[in-house]
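Visitor: After the sequence you'll find the predicted model.
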Amino acid sequence: MSAKSINRDVIGILRKLSDNNHVNVIQNKHIKVIGVYGGITRSFMLSTSPSNLYRFHMRSQLSRFIQSLNITTNITYPFI
């Protein structure tokens, strides 16, 4: 699975979790996904230089981000 498709999946998951189902994607040096979660604006950074273990790294980072939101969800990772 390519890094581009993994990034697309991560952005989709973050979009579904946001309060208004809308996120902003900004890219300067890194891809930044900004959304409102639980009434608070939060951002998540995607890597621009993926390695062989990119999907495992992104799964770990996304899990940590979701845990920090203090919400309960049954997210399945399509890029595992």
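Guide: Yep, that arrived.

Visitor: ok, the residue minimising distance to the centre of the chain - contacts?
Guide: Nearest to the geometric centre of the chain sits residue 10, at 4.1 Å (Cα atoms, centre = their mean). Going by Cβ atoms under 8 Å, 6 or more residues apart in numbering, residue 10 touches 33, 44, 46, 58, 62, 79. Any C-beta I mention is one placed from the backbone N, CA and C, and that applies to glycine too.

Visitor: repeat that for 10 Å
Guide: Residues near residue 10 by Cβ atoms under 10 Å, 6 or more residues apart in numbering: 31, 33, 44, 46, 55, 58-59, 61-62, 65, 77-79.

Visitor: Now do the same for it: helix, strand or coil?
Guide: What DSSP: H, G, I helix; E, B strand; the rest coil gives for residue 10 is helix.

Visitor: how close does it sit to residue 39?
Guide: With distances taken as Cβ to Cβ, to the nearest Å, residue 10 is found 22 Å from residue 39.

Visitor: Local confidence estimate at the residue of the chain positioned farthest from its centre?
Guide: Note on the chain: the largest C-alpha distance from the chain mean falls to residue 52, namely 18.5 Å (Cα atoms, centre = their mean). For residue 52, the pLDDT comes out at 84.

Visitor: With residue 15 instead?
Guide: 94.
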